[in-house]
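Chemist: coordinates only, sequence not included:
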């Protein structure tokens, strides 16, 4: 049975804490828990999560309190409630909540992951982030994946120009200005219409369209000299089908260039960030099965996460033979 809700501010004041009405609930929870005022700390944490449902530290602290007070059976319902709130805030269609929640739960708990992220989550997430995406990535996250990838693409292309290029998961088009000098025709593809709107503002793409990468590659009959996927495959775990379809869309001598986050375990792993990491040997196996061979493989820093560098693989593939 759930305990009666408690006024955590009143409890702070009763314990001699002045100015309780000005204290953020996250800090109040820390203080109250140190005093072993578990129920008041719980109330503060629930208020914090109501305001910020993605606050993982608050969630973990609240789950610890539930276990300490013999209420571990409430954990699943609490997680579900928070994930539903997250879906609602992002604007994910309710019919897609189950698949999105399963994906996010796998990321947070380490349970067996799906083979790829939920499209509805990715589309909704980036529609929300589109207006501030570039500033956040370039500033706070020191995002340099497009430049890292283009460094190796230039080496692989040599003097080749006037290419038909497809920017897979183009986002706001950060790679567009870097690709334009090599392109006869430059196209962009993305799940998020909000991101595509920002890419269109750059004026460097000949065509932009919304769609899911694997499906679009499978349905297309076009051939490209260069396929690029910058910071996109982090939303795919299994890559066999995507590599197979990318290979089918390459013109003779065409290149498939991409970045992934470096994995230290065999195959792929869904990280707590809800992004997949891939082992280099897995990438090589997927490439070989699709009839692709490596032209360039480089390890580099792609961005920062929580102040720490994120190491990735920067890879260029081409058809065997």
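Modeler: Right, received. Where do you want to start? This is a predicted model, so every value here is computed, not measured.
Chemist: List the contacts of the longest helix along the chain.
Modeler: Longest helix in the chain by number of residues (criterion: DSSP state H): helix 75-90. Outside of helix 75-90, the residues that reach it under the criterion CB atoms under 8 Å, 6 or more residues apart in numbering are 49-50, 53-54, 59, 62-63, 66-67, 94, 96-97, 100-101, 104-105, 108, 121, 124-125, 128. (C-beta placed from N, C-alpha, C; glycine too.)
Chemist: do the same with stretch 16-26
Modeler: Surrounding stretch 16-26, the residues in contact under the criterion CB under 8 Å, 6+ apart are 8-10, 12-13, 28, 31, 44-45, 47-48, 51, 55, 57-58.
Chemist: so how many other residues sit close to residue 135?
Modeler: The local packing count at residue 135 equals 9, with neighbours defined by other CB atoms under 10 Å.
Chemist: So the nearest residue to residue 162 once chain neighbours are set aside versus residue 118, what's the distance?
Modeler: Of all residues not flanking residue 162 in the chain, residue 184 sits nearest, at 4.2 Å (CB to CB, 6 or more residues apart in numbering). When distance is defined by CB to CB, to the nearest Å, residue 184 is 35 Å away from residue 118.
Chemist: Show me which of the two is the more surrounded one.
Modeler: For residue 184 and residue 118, the more surrounded residue by other CB under 10 Å is residue 118, and the numbers stand at 23 against 11.
Chemist: and the helix or strand where residue 108 lies, what other elements does it pack with?
Modeler: The secondary structure element spanning residue 108 is helix 97-109 (assigned by DSSP states H and E). The elements that helix 97-109 packs onto, with contact taken as 3 or more CB pairs under 8 Å, 6 or more residues apart in numbering; DSSP states H and E, are helix 75-90, helix 119-129, strand 268-270.
Chemist: Buried ones in it, by neighbour count?
Modeler: When neighbours are counted by 16 or more other CB atoms under 10 Å, the buried residues of helix 97-109 are found to be 97, 99-101, 103-108.
Chemist: again with stretch 223-236
Modeler: In terms of neighbour count (16+ other CB under 10 Å), stretch 223-236 has its buried residues at 224-236.
Chemist: Next: stretch 236-249.
Modeler: Neighbour counts over stretch 236-249 (16+ other CB under 10 Å) mark 236-239, 241-247, 249 as buried.
Chemist: Going by residue numbers, what spans are helices in the stretch 151-300 of the chain?
Modeler: When secondary structure is read from DSSP state H, counting those that start in this stretch, the stretch 151-300 of the chain shows helices at 176-179, 193-202, 213-219, 240-248, 280-289.
Chemist: In JSON lines: those helices, plus distance to residue 305.
Modeler: As requested, these are exported to JSON lines (distance: least, CB to CB, whole Å):
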{"stretch": "helix 176-179", "distance to residue 305": "23"}
{"stretch": "helix 193-202", "distance to residue 305": "20"}
{"stretch": "helix 213-219", "distance to residue 305": "23"}
{"stretch": "helix 240-248", "distance to residue 305": "24"}
{"stretch": "helix 280-289", "distance to residue 305": "20"}
